[in-house]
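In: below is the structure, and that's it, no one-letter string:
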């Protein structure tokens, strides 16, 4: 896995004008709750004129639930940078209840999908390394026939979860992200030596982790 981090980080400059914040393992833990202290701190930053955006491996429709709760206005960066979507008009924002939940999202500002041949290579790599692959595209999920987790995905995504016979041969258009589902044991065996890996906790419902491959970057993240 290529390490995309710069060799040296720039010195901090003040005043801070932008905060780009990760979600899983950063703003929220396994309970998916935003603490009152966190909400107050982000609200204070916004009132001081700092632009705050969520930058996550999640779908934008999943991340927007948290952006709504935080009162954010800036675009959401999803799929490790592969997609950027505007926040919806304020009149469309609602309290979505406890996660898992999905919310209304604004228009696509940027989308850098993976080419079909790259997707096929990533799917084959997942299979060869003990990972169970599926694909995310914008706000949809595509899984392979017989995927043991399809019922879980369908509960969350409804009609936005679809099935194909073979992910390596049946995807003929660019897609946002390839994800390989695995156990913690397999994940650490493959990726523990890589400094670039960012490992988050699994969802509280199931002891699984994922390896995400997006066009803008790669990381290890919890199921979305």
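Out: That came through fine. Values in this document were obtained by computation on a predicted structure and should not be read as measured data.

In: any idea how the chain splits into domains?
Out: Structural domains assigned to the chain are 18-111, 116-221, following automatic domain parsing.

In: for the helix or strand residue 141 falls within, which positions count as buried?
Out: Taking DSSP states H and E as the definition, residue 141 sits inside strand 140-144. Using 16 or more other Cβ atoms under 10 Å as the test for burial, strand 140-144 gives 141-144. Quick note: C-beta positions are derived from backbone N, CA and C, even for glycine.

In: stretch 18-25 now?
Out: Neighbour counts over stretch 18-25 (16+ other Cβ under 10 Å) mark 19, 21-24 as buried.

In: helices of the chain, start to end?
Out: Ranges of helices within the chain are 36-47, 60-70, 116-128, 150-157, 167-170, 184-191, based on DSSP state H.

In: and residue 6, which of those helices is closest to it?
Out: Smallest distance to residue 6 across these (Cβ to Cβ): 20.9 Å, for helix 184-191.

In: can you name every helix or strand that the strand holding residue 141 contacts?
Out: Counting contacts by 3 or more Cβ pairs under 8 Å, 6 or more residues apart in numbering; DSSP states H and E, strand 140-144 is packed against strand 132-137, helix 150-157, strand 161-164, helix 167-170.

In: redo that, cut-off 7 Å
Out: strand 132-137, helix 150-157, strand 161-164 (3 or more Cβ pairs under 7 Å, 6 or more residues apart in numbering; DSSP states H and E).

In: residue ranges with poor pLDDT in the protein?
Out: 1-2, 90-100, 153-158, 182-224 (pLDDT under 70).

In: same thing but 50
Out: Counting by pLDDT under 50, the chain contains low-confidence ranges at 91, 183-209, 216-224.

In: how far out from the middle of the chain is stretch 145-164?
Out: Centroid displacement of stretch 145-164 relative to its chain, using Cα atoms, centre = their mean, to the nearest Å, is 17 Å.

In: quote the end-to-end distance of that stretch.
Out: 6 Å (Cα to Cα, to the nearest Å).

In: burial of the closest residue to residue 53 other than its chain neighbours, as a residue count?
Out: In space, and not counting its chain neighbours, residue 53 is closest to residue 74: 4.0 Å by Cβ to Cβ, 6 or more residues apart in numbering. Residue 74 has 18 neighbours, counted by other Cβ atoms under 10 Å.

In: so who does residue 74 touch?
Out: By Cβ atoms under 7 Å, 6 or more residues apart in numbering, the contact set of residue 74 is 51-53.

In: redo that, cut-off 10 Å
Out: Residue 74 makes contacts with 18-20, 46, 50-54, 67, 84, 86-87, as judged by Cβ atoms under 10 Å, 6 or more residues apart in numbering.

In: and what of residue 44?
Out: residue 50.

In: ok, 6 Å please
Out: For residue 44, the contact set (Cβ atoms under 6 Å, 6 or more residues apart in numbering) is empty.

In: separation between it and residue 119?
Out: For residue 44, the distance to residue 119 (Cβ to Cβ, to the nearest Å) stands at 42 Å.
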